[in-house]
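>>> Compute the structure for the input listed below.
(2 chains)
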Number of protein chains: 2
Amino acid sequence: MKLIESIKEFGGYLNRYAHYSVACHCPMTFSVYLPPQAAHGSVPALYWLSGLTCTDDNFRVKAGAQRYAAEQGIALIIPDTSPRGEGVPDVPERYDLGQGAGFYVNAIRSPWDEYFRMYDYVVEELPHLVEMNLPLLPGVKSISGHSMGGHGALIAALKNPGAYRSVSAFSPICHPLKGEWGKGCFTAYLGGNTAQWAAYDATCLVQSGASMPEILIDQGTADEFLAAGQLLPEAFQAACLQAEQPLSLRMQEGYDHSYHFIATFIGEHIAWHARALG
Amino acid sequence: MKLIESIKEFGGYLNRYAHYSVACHCPMTFSVYLPPQAAHGSVPALYWLSGLTCTDDNFRVKAGAQRYAAEQGIALIIPDTSPRGEGVPDVPERYDLGQGAGFYVNAIRSPWDEYFRMYDYVVEELPHLVEMNLPLLPGVKSISGHSMGGHGALIAALKNPGAYRSVSAFSPICHPLKGEWGKGCFTAYLGGNTAQWAAYDATCLVQSGASMPEILIDQGTADEFLAAGQLLPEAFQAACLQAEQPLSLRMQEGYDHSYHFIATFIGEHIAWHARALG
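Just a heads-up that it's a prediction; the model follows:
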């Protein structure tokens, strides 16, 4: 991995790296915030998965998370949301399929299957890469994300017991089998057999017995995608209740789907992960 | 003024307004963050002036200031950096002249003089407008800004004794008479007579006897525009020393010119203004 940008912020460094991804068969870019504590020793990591249309840039610019990461001594690992570049399949007229919309699954359908392996990238390749090259405590990691990235965080944690100390999400797509974004991407990437889809659906995973320590979710009540049935936190909540999976679902009155909502509560999420990360 | 957007953030509201500007002879857009305290009474205001190429959007998205404004109970008033729109003069191939580069002066040269009256807009029209329409304490205001906007904040305060309780700046253009950005815009907007320029130059104003309570400036040492001689804080510091103008110029080791630098120190600036605003 090659350092391509480094900006001092809150006493630490916001870095950007480029590397060739084995999982996605193309060059990938990601950002890392290393807190001041990383200059003196290894630190735990919080992975952040972004939503549709985002790159690694949105969260690092808009969420205001670096302040809290510096206070808590936690590194932020911020991948892109899909493979990108010439030769990588895309549907340029759609924001919700192809580049920028990897949905954190391993595609099994052509033409997506050669590149769109974001599940393996986020869960396996990226942690291996950054733990080899940066001052991170091996295996001491948590995960969070927003919208499509909230879905990604939930499934990464639920599918890998013990791999993440904690998981939280903002406005996550909780049940992609039943929302239009999820159905569109899962059909393209996984094909028409919905049995394949359930392995990447947080609600189905909890229904199938996957579990975690308490899950934290913040959801704005004024979120247009909540009203449109894309997110379905109520389905996830019902599954958790049924399975006795601890869940703190906080419906935040009047907040929307934007980064202003994330900025408002990211400090509480980072403090919550910090407790789990020791 | 017409409310065109309202987003809940940190318990308050980040609003955007459109209005017809008498000073600039065109429709203008600005943002206001109203902290939670504004729901129960009037609050003081901090005006923020942005730098070259910015609109009202950059600061509200990137600086992370709303958290601190909510904590301190201060409204943020965030104007655009120039008049805009069809019919407004511009030099599309240049980022440092015309739209996005108003430089907070009243232009006196054609074709700029009909629209580019950002000094009157920021100092007179906008405070009048927002104090008439929003829960703000009349006349209880401070001002800050970045780069070209740091210049704007310094001259607004120095030219209007008593109008602002406090002034601070990030990486300000301290002596536009001597930097390439300043010379380019002042020549276009004010003409070749440099005597006209001095009335909009913070260093010249201090040399001419203008004064304020202590001025706070943060400047990154790794700022490429510092090295390029655009900012000249040393000239301003020398003028302040000569004139016994209190100045806290903090050279921040390793920080650049970006919003990541602003985000790092904006909390300290807002706390500092809060003390002056009572």
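>>> what residues are up against the residue of the stretch 51-200 of chain A found nearest chain B?
When you check the stretch 51-200 of chain A against chain B by Cβ to the nearest Cβ, the closest residue turns out to be A:Gly64, at 3.8 Å. Just so you know, the C-beta spots here come from the backbone N, C-alpha and C atoms, and that holds for glycine as well. With contact taken as Cβ atoms under 8 Å, 6 or more residues apart in numbering or on different chains, A:Gly64 is in contact with A:263, A:266-267, B:64, B:67, B:263.
>>> could I get those as a markdown table with pLDDT and distance to B:Leu247?
Output for the contacts of A:Gly64, formatted as a markdown table (pLDDT from 0 to 100; distance: Cβ to Cβ, whole Å):
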| residue | pLDDT | distance to B:Leu247 |
| --- | --- | --- |
| A:Ala263 | 98 | 32 |
| A:Ile266 | 98 | 35 |
| A:Gly267 | 98 | 33 |
| B:Gly64 | 98 | 26 |
| B:Arg67 | 98 | 27 |
| B:Ala263 | 98 | 23 |
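>>> From these, pick the one nearest A:Leu129.
A:Ile266 (24.5 Å; Cβ to Cβ).
>>> That closest one: how many residues sit nearby?
By other Cβ atoms under 10 Å in any protein chain shown, 26 other residues sit near A:Ile266.
>>> then the helix or strand hosting it to PDB, C-alphas only?
Element membership of A:Ile266 [criterion: DSSP states H and E] is helix A:259-277. Presented in PDB, the C-alpha positions along helix A:259-277 are these (Å, rounded to 0.1, in the frame of the first residue of the first chain):
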ATOM      1  CA  TYR A 259     -24.200  13.500   7.500                       C
ATOM      2  CA  HIS A 260     -25.500  16.200   9.800                       C
ATOM      3  CA  PHE A 261     -27.400  13.400  11.600                       C
ATOM      4  CA  ILE A 262     -24.200  11.300  11.700                       C
ATOM      5  CA  ALA A 263     -22.200  14.300  13.000                       C
ATOM      6  CA  THR A 264     -24.700  14.700  15.800                       C
ATOM      7  CA  PHE A 265     -24.300  11.200  17.200                       C
ATOM      8  CA  ILE A 266     -20.900   9.900  16.000                       C
ATOM      9  CA  GLY A 267     -19.300  11.000  19.200                       C
ATOM     10  CA  GLU A 268     -21.600   8.800  21.200                       C
ATOM     11  CA  HIS A 269     -21.000   5.900  18.900                       C
ATOM     12  CA  ILE A 270     -17.200   6.200  19.100                       C
ATOM     13  CA  ALA A 271     -17.400   6.400  22.900                       C
ATOM     14  CA  TRP A 272     -19.500   3.300  22.900                       C
ATOM     15  CA  HIS A 273     -17.100   1.400  20.700                       C
ATOM     16  CA  ALA A 274     -14.200   2.700  22.800                       C
ATOM     17  CA  ARG A 275     -15.600   0.900  25.800                       C
ATOM     18  CA  ALA A 276     -15.800  -2.400  23.900                       C
ATOM     19  CA  LEU A 277     -12.300  -1.900  22.500                       C
END
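>>> buried sites along it?
A:259-267, A:269-270, A:272-274, A:276-277 (16 or more other Cβ atoms under 10 Å in any protein chain shown).
>>> of all the residues you listed, which comes closest to A:Asp96?
Of the buried residues of helix A:259-277, the one sitting nearest to A:Asp96 (Cβ to Cβ) turns out to be A:Tyr259, at 18.3 Å.
>>> Let me know the distance separating that closest one from chain B.
7 Å (Cβ to the nearest Cβ, to the nearest Å).
>>> buried residues in the helix or strand bottoming out on mean pLDDT in chain A?
When the helices and strands of chain A are compared on mean pLDDT, DSSP states H and E, helix A:194-197 comes out lowest with a mean of 93. If you call a residue buried by 16+ other Cβ under 10 Å, then helix A:194-197 has these buried ones: A:Trp197.
>>> Check which helices and strands the helix or strand following that helix sits against.
Sequence-wise, the next helix or strand downstream of helix A:194-197 (DSSP H and E) is helix A:202-207. Here helix A:202-207 touches helix A:148-158, helix A:233-243, going by 3 or more Cβ pairs under 8 Å, 6 or more residues apart in numbering or on different chains; DSSP states H and E.
>>> A:Ile143 bridge partners, please.
A:Tyr47, A:Val167 (DSSP bridges).
>>> Hmm, it is touching A:Ala153, no?
Yes. Using Cβ atoms under 8 Å, A:Ile143 is in contact with A:Ala153, at 4.5 Å.
>>> what sits in contact with each of the two?
Common neighbours of A:Ile143 and A:Ala153 (Cβ under 8 Å, 6+ apart) are A:47, A:49, A:167.
>>> what's the residue sitting nearest the centre point of chain A in contact with, if anything?
In chain A, the residue lying closest to the centroid (Cα atoms, centre = their mean) is A:Leu49, at 2.3 Å. Going by Cβ under 8 Å, 6+ apart, A:Leu49 touches A:79, A:81, A:104, A:122, A:143-146, A:148-150, A:152-153, A:156.
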